[in-house]
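K.L.:
Whatever this is, show me its structure:
(chains A and B)
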Amino acid sequence: MPLDSPLLQHLARRSEAIAIPLIALAAGFILFALFLLLQGQSPANYFALVYKAGFGTAFSWQNTLTRASPLILAALCVALPARLGLIVIGGEGAIVLGGVAASAFAMFFPGATGLVGLLLMGASAAAMGALWIGLIGLMRYGRGVNETISSLLMAYIGVALMNHLVEGPLRDPSSLNKPATYPLSAEQRLGSLPGLDIHWGLVIGIVSCFLVWILMTYTRWGFSARVAGGNVRAAQVQGLPVGILIVGFTALGGAFAGLAGMVEVAAVHGTANASLASGYGYTGILVAFLARHNPLVIIPVAVLLGGFEAANGLVQRRMDLPDATVLVLQGFVFISILISETLYGRIRLFNPEHWKITPATMRENS
Amino acid sequence: MTTKKRLSRRSFLKNSAGVAGMVAFSSSLLPRLAQAKDLTVGFIYVGAKDDYGYNQSHAEGAAAIKKLGGITVVEEENVPESVEVLKTMESMINFDSVDLLFPTSFGYFDPFVLQLASKYKDLRFEHCGGLWSPEHPKNVGSYFGYIGMGQYLNGIAAGHASKSKKIGFVAAKPIPQVLLNINSFLLGARSVDPSITCQVIFTGEWSLAVKEAEATNALIDQGADVITCHVDGPKVVIETAAGRGAYVCGYHANQSTLAPEKYLTGAEWNWANVYTNMVQTVQAGNTIPNFHRGGLAEGFIKMSPLGPAVSDTARKQFEETQAKILKGNYAVIQGPMKDNKGNLIAKAGESFVETDVALESMDYLVEGVIGSTSS
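P.N.:
Numbers count the residues shown, from 1 in each chain, chains lettered A, B, ... in the order given. As a prediction, this is how the structure comes out:
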């Protein structure tokens, strides 16, 4: 017999957004386990290796968190426009160009070192990313260009532009067989967290997620964006500045992707080169969708995926599985998450009405 | 168990690095010397192990040392030149207790191999293609082969086979190693017929199948009838060119099975030989030189067996030139020579032998190559 409890009603409403992604995640894992069985491999063995190499030792955690940090920033580039109902999948372009902007800054202002230098370097990378993805928002608002297609195509252009700059105008002539920009000096590099083998990019990512959460939850702009994301016409009728919202949120998303590029240059590579295009922008899409574009959920999801990627090598070596294995897993999870989107509002258990005693239910129960 | 092996080897190395007289003193060292041969070796590839190219050539080398006694090999493929390779190496160190690492892609060297080598000073890192210099960590070595000579021999086979006197080269990026291969290919062909020209198309990426196919088709459309390439996996180029009826010269590994009739020969890496020597050096307790180079004579590279389309005159010139190269100090770039923009690159009487370090910073295409280094 249902209880008339406001608490249960509240729980039912809130738990839907948690339970459905978890169920989808589990379904993805089960499908993947079946796939492994079909390959004659033990799923238990697989998950044990993932635990060991992703979360089992101090090294594993540092490995996982290092891999998670670019994913967090890349996911914000998807999550922010998604609040307006825009699917931007071209964060990769903003990452690589952000990296180029950071290295160009370091090259033209070698005297800008320390915290101020890093902040300015980050700002130039963020500005570059904002420009790149903001342009996609502008095309969407001004000309009705589909942002999914244009962002993907712009990502290809971004990578080509990066290659051109790195192999041409910005090239360090002494980088013979792998064209790269001039290396950053030691004072221009972003170091590791004290006592850990994890760079500051992780902290930058986590702080960014909290800032975006505050923006979305507690500000007028966040509220306006959610209204516009729900119904653009209604938002326009209410007099909300939809154009500014679209350009602003895509640009802000791009800024975080650009920042991810700066972290790659300043903490990992030390130069901008072709390796900047290593697919973080695309894995970021998966992270954002798994987190249902909630900036705070992005953090644990990125850590989870980072763990799977960290374990990928050990899985390859111990189980003799190809490296694409983790892609199969990601594919299964992504599809289950997309399918699970159709479940919202359909499961009675999560409907507060189900837990409410109305005259009708009282009659039924009597 | 593997940890124990590594410890014994490490302590062995430490001990042996001490005074030589200690050997006589330490009787416990002798039985260890016999056991110290157990090694765990890690190989890391940037692409797939079966790409018919660069990565396959290294994987074949790894397969060869698996057959040696006391060797355990761990491998990982498709590892990008980013923080991923850093973590892959560290994962092999932590979970597989490797003693010796072969990160085989050029872009792994700086900063990743250098960074980790300073952290794990008692492990050995052997990197393919890098330029080790004395300021780098002493536990890092870089090795590479003079494969330009192989492309020169390819060019001789191509020069004899070409009827249109136009040959084609599909290249990844205009970097020194690639430019040397293109120039060598043309100069080999010109040693047969000085009127031959070679058109080059740069795809811009090391592995980009669609562009490689487009480039191959474009070269053949413009009349080239022998094609070779320098991309990570030559499979697409070889199959596309042979499918269009052109002759092909291989690169990196033996691709003759992809085009048995049209395959003339190929410039292959001989990593099986190089890796066997390197691993046996370490097993014997000796040190591999930090800067390790070799060519055809040293068994760093080899040529694929000549295909059925190679004529007897071609075979004769090929074998004669190969014999000269095997003697050493062979120079492909001999003055007077101009680049394809008319600048003098070698004065009369000047020549650059295969070991010349100047060749490792080549930035020109020689006269007769149609194409530009600024892609």
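K.L.:
what about B:Gln280, neighbour count?
P.N.:
Residues lying near B:Gln280 (other Cβ atoms under 10 Å in any protein chain shown) number 15. In this view, the C-beta of every residue, glycine as well, is placed from N, C-alpha and C.
K.L.:
and it, what helix or strand is that in?
P.N.:
For B:Gln280, the host element (DSSP states H and E) is helix B:271-283.
K.L.:
Equivalent analysis for A:Pro300, please.
P.N.:
Assigned by DSSP H and E, A:Pro300 falls in helix A:295-319.
K.L.:
before we move on, what about B:Asp232?
P.N.:
B:Asp232 belongs to no helix or strand when assigned by DSSP H and E.
K.L.:
Identify the residue spatially nearest to B:Gln199, adjacent ones excluded.
P.N.:
Spatial nearest neighbour of B:Gln199, chain neighbours left out: B:Ile370 (4.4 Å); criterion: Cβ to Cβ, 6 or more residues apart in numbering or on different chains.
K.L.:
Now do the contacts for that neighbour.
P.N.:
B:197-200, B:340 (Cβ atoms under 8 Å, 6 or more residues apart in numbering or on different chains).
K.L.:
Let me have those in a markdown table, adding neighbour count as columns.
P.N.:
Putting those into a markdown table (neighbours: other Cβ atoms under 10 Å in any protein chain shown) gives the following:
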| residue | neighbour count |
| --- | --- |
| B:Thr197 | 20 |
| B:Cys198 | 31 |
| B:Gln199 | 20 |
| B:Val200 | 29 |
| B:Asn340 | 20 |
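K.L.:
Next step: the residues you listed restricted to strands.
P.N.:
Among those, DSSP state E puts B:197-200 in strands.
K.L.:
what helices or strands is the helix holding A:Pro300 leaning on?
P.N.:
Applying 3 or more Cβ pairs under 8 Å, 6 or more residues apart in numbering or on different chains; DSSP states H and E, one finds that helix A:295-319 makes contact with helix A:43-50, helix A:58-82, helix A:201-218, helix A:280-290, helix A:325-340, strand B:71-76, helix B:83-96.
K.L.:
can you tell if the third one touches chain B?
P.N.:
No - with Cβ under 8 Å from any Cβ of the partner chain as the threshold, helix A:201-218 lies outside contact range of chain B, at a closest distance of 9.8 Å.
K.L.:
quick one on the thing from earlier: for the helix or strand just after the helix holding B:Gln280, which strands pair with it and how are they oriented?
P.N.:
For helix B:271-283, the following helix or strand on the C-terminal side (DSSP H and E) is strand B:291-294. Taking DSSP bridges as the criterion, strand B:291-294 forms sheet pairs with strand B:140-145 (parallel).
K.L.:
Would you mind checking the average pLDDT for the strand it pairs with?
P.N.:
Per-residue pLDDT over strand B:140-145 has a mean of 93.
K.L.:
Show me what it is in contact with.
P.N.:
In contact with strand B:140-145 (Cβ under 8 Å, 6+ apart) are residues B:109, B:113-114, B:117, B:124-132, B:269-270, B:274, B:278, B:288-295, B:298, B:300-301.
K.L.:
buried subset of those residues?
P.N.:
Taking 16 or more other Cβ atoms under 10 Å in any protein chain shown as the criterion, what is buried in the contacts of strand B:140-145 is B:109, B:113-114, B:117, B:124-132, B:269-270, B:274, B:278, B:288, B:290, B:292-295, B:298, B:300-301.
K.L.:
what bits of the chain have low per-residue confidence?
P.N.:
Unless you meant another one, I'm taking chain A. Applying pLDDT under 70 to chain A flags the ranges A:1-4, A:357-366.
K.L.:
looking at chain B here, not the other one
P.N.:
Chain B contains residues with pLDDT under 70 at B:1-37, B:375.
K.L.:
Can you tell me which of the contacts of B:Ile370 is nearest chain A?
P.N.:
Nearest to chain A out of the contacts of B:Ile370 is B:Val200 (Cβ to the nearest Cβ; 15.8 Å).
K.L.:
Which residue, other than its chain neighbours, is closest to the closest one?
P.N.:
B:Gly371 (3.7 Å).
K.L.:
From B:Ala224, how far out is that neighbour?
P.N.:
Separation of B:Gly371 from B:Ala224 (Cβ to Cβ, to the nearest Å): 12 Å.
K.L.:
One more: A:Ser224?
P.N.:
Distance from A:Ser224 to B:Ala224, counting by Cβ to Cβ: 60 Å.
K.L.:
Among the two, which residue is more densely surrounded?
P.N.:
Using other Cβ under 10 Å as the criterion, A:Ser224 and B:Ala224 rank with B:Ala224 on top: 27 against 20.
K.L.:
my read is that one is in a strand, agree?
P.N.:
No - with DSSP: H, G, I helix; E, B strand; the rest coil as the criterion, B:Ala224 is assigned coil and is not in a strand.
K.L.:
Surely it touches B:Gln199?
P.N.:
Yes - using Cβ atoms under 8 Å, B:Ala224 is in contact with B:Gln199, at 6.0 Å.
K.L.:
just to revisit the earlier point, buried sites along the helix holding A:Pro300?
P.N.:
Quick answer for helix A:295-319 (16+ other Cβ under 10 Å): A:295, A:297-299, A:301-319.
K.L.:
Tell me which residues touch the nearest residue to A:Met107 once chain neighbours are set aside, please.
P.N.:
Distances taken as Cβ to Cβ, 6+ apart put A:Tyr182 closest to A:Met107, at 5.1 Å, once the chain neighbours are dropped. By Cβ under 8 Å, 6+ apart, the contact list for A:Tyr182 reads A:103, A:106-107, A:170, A:172, A:271.
K.L.:
Over to B:Gly61?
P.N.:
Neighbours of B:Gly61 in contact, by Cβ under 8 Å, 6+ apart: B:269, B:271-272, B:274-275.
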